[in-house]
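Asks: Structure for this input, please:
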Amino acid sequence: MAKEIIMPKFGFTQEESEILEWLKQEGDSVEKGDPIAVVSTDKISMEVEAPENGILGGIRYKAGDVVPVTNIIAFVLQPGEQAPQAGAPPAAVKVAKVAEAEAPKAGKTVEQVEQAAGVSVSPVAQRLAADKQVDLNLVQGSGRDGQITRKDVEDYLAAQIAGGKLKATPAARRVAQEKQIDLRTLRGSGPGGRIQAADVAAARPAAQAGQATLSGLRILKEIPLIGMRRTIAQNMQRSMQEAPHMFLEVDVEMDAAEGLRRLANENKVAGTPKISVTAVIVKAVAQALKQNPIVNSQFSSEKLILYSDINVGVATALDNGLIVPVIHNADTKDLVQISREVNDLAQRARENKLQPDDLSNGTFTISNLGMFGIDRFTAIINPPQSAILAVGKMNRVFVPDEHDQPVLRNVIAFSLSADHRVMDGSQAAKFLTDLKNNLLNLGEIVK
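Replies: Numbering: from 1, shown residues only. Below you'll find the model as predicted:
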């Protein structure tokens, strides 16, 4: 009997993956566990394995296709066996779309509107719609073949009616009318989810955006906005639109921390990794987050969520984008453990061998561009977190000593980007002050 090979689901909220490459071709013999394809989530690439011995057949998608999770992508067949004909995706629930001229009735469930003419709804979107009592007839799908995704339901909720009309500023309504954009399809960045003029301007139709390409210029290369690059673009745009960023900076003398780090490396036990500057910063940051729980938090429309778990992500540059592996429970680990994890995660990130758990549940992010010669910079918050720390390179600079005499010191510039909805300037400043003190007194926090 033909054995289905489905697009695996690597995370709870994941709805689709892109097929990057077929490692086996139609008609190839495979054994159970053989890698047959490489697929990409929004963050990492993973291999899909053959579920049993047989012959690969009935491949339904080509490299480059974006496929909903749990959809059948191929089969393992036995000699003489034929692959079943392609049918409806098993993970999708069919719902009828109401004609534009027809006013839909509110309160319908997925089951009540299930009709033969429909488009599909992803399982995550279905659960969210049921939880929030959203009539899916009112939601415009943006997924493959018009599929309604979780983001579509979230966007609809953000534009929900209050007092009988959409929450949108007069300027936003005017711009929407001029650009012929449906306000119900937008997520508002204003108070209470109110749609602002900037939200409408940023959501101009793709056809209009495409007209901005300059004519008469030679194109070096076109990079499709898919996979990791698309996820980074969406997350960063969402972060800047939704989170009012505030930026604070502090310069920290690193001589004491560097002295302790060098001493530890000179006396390290055989087989243990060298203590890295990144590990020192992660340790100091973890302690500062423990001292300032408001920074280790998340904003939601109804409450602020402060986490007791301190999971520090370290942004890592790849050839095709950026990825943020996570040091889980960083506050409970010593410098050797943190160094070992930082090295391991960075190596596996470059080799494309990270697992979903390596990227999950980060509560704070460090972005270090010091190795690229950058003195100081500001970073964009990595949603749904409420802050990110930008780290510049270590410079030798003259600073006044206790007698106001110039002395050379190792100094790093730290810049905190914080969500002003979550914390005030004084709270963000206290975090930076505590971080500075932790680095100046590193020996005290690593005992």
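
Asks: Only C-alpha atoms from now on, for both contacts and neighbour counts.
Replies: OK.

Asks: Alpha carbons only: can I get stretch 368-388 in CSV?
Replies: Written as CSV, here are the backbone C-alpha positions of stretch 368-388 (Å, rounded to 0.1, in the frame of the first residue of the first chain):
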residue,chain,number,x,y,z
ASN,A,368,26.7,41.8,18.3
LEU,A,369,28.3,43.5,15.2
GLY,A,370,31.6,44.2,16.9
MET,A,371,33.3,41.5,14.8
PHE,A,372,32.4,43.5,11.7
GLY,A,373,34.2,46.6,13.1
ILE,A,374,31.0,48.5,14.0
ASP,A,375,31.5,50.8,17.0
ARG,A,376,27.9,51.3,17.9
PHE,A,377,24.4,50.8,16.4
THR,A,378,20.7,50.4,17.3
ALA,A,379,18.8,47.2,16.7
ILE,A,380,15.1,46.5,15.9
ILE,A,381,13.3,44.5,18.6
ASN,A,382,12.8,40.8,17.8
PRO,A,383,9.0,40.3,18.3
PRO,A,384,7.3,39.2,20.5
GLN,A,385,10.2,40.2,22.8
SER,A,386,10.2,43.7,24.4
ALA,A,387,13.9,44.6,24.1
ILE,A,388,17.1,43.9,22.2
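
Asks: Which stretches in the stretch 1-150 of the chain count as strands?
Replies: 3-6, 16-22, 29-30, 35-40, 45-49, 54-57, 66-68, 72-77, 93-95, 119-121 (DSSP state E, counting those that start in this stretch).

Asks: In TSV: those strands, plus mean neighbour count, mean pLDDT and distance to Val280.
Replies: Shown next, in TSV, are the strands of the stretch 1-150 of the chain (neighbours: other C-alpha atoms under 10 Å; pLDDT from 0 to 100; distance: least, C-alpha to C-alpha, whole Å):
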stretch	mean neighbour count	mean pLDDT	distance to Val280
strand 3-6	20	91	43
strand 16-22	21	86	36
strand 29-30	18	93	47
strand 35-40	20	88	32
strand 45-49	20	85	30
strand 54-57	23	93	49
strand 66-68	22	84	40
strand 72-77	24	93	45
strand 93-95	21	41	50
strand 119-121	22	74	46
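
Asks: What sits closest to Arg350 if chain neighbours are left out?
Replies: Leu318 (6.5 Å; C-alpha to C-alpha, 6 or more residues apart in numbering).

Asks: what's around that neighbour, how many residues?
Replies: 13 (other C-alpha atoms under 10 Å).

Asks: does it really touch Asn352, like I thought?
Replies: No - judged on C-alpha atoms under 8 Å, Leu318 makes no contact with Asn352 at a distance of 9.4 Å.

Asks: picking up where we left off before, tell me which of the strands of the stretch 1-150 of the chain sits nearest to Phe372.
Replies: strand 45-49 (25.9 Å; C-alpha to C-alpha).

Asks: follow-up on the earlier one: which among the strands of the stretch 1-150 of the chain is found nearest to Lys268?
Replies: Nearest of the strands of the stretch 1-150 of the chain (C-alpha to C-alpha): strand 45-49, 35.4 Å.

Asks: Quick one: distance of the closest one to the chain centre.
Replies: Relative to its chain's centre, strand 45-49 lies at 20 Å (C-alpha atoms, centre = their mean, to the nearest Å).

Asks: And the residue nearest to Arg350, how close does it get to Pro123?
Replies: 32 Å (C-alpha to C-alpha, to the nearest Å).

Asks: element containing Leu345, please.
Replies: Using DSSP states H and E, Leu345 falls within helix 335-350.

Asks: Which elements pack onto the helix or strand just after that helix?
Replies: For helix 335-350, the following helix or strand on the C-terminal side (DSSP H and E) is strand 364-368. If contacts are counted by 3 or more C-alpha pairs under 8 Å, 6 or more residues apart in numbering; DSSP states H and E, strand 364-368 sits against strand 312-314, strand 387-391.

Asks: And the next helix or strand past the biggest strand by length in the chain?
Replies: When the chain is parsed with DSSP state E, its longest strand is strand 406-419. Counting by DSSP H and E, the element after strand 406-419 in chain order, helix or strand, is helix 425-440.
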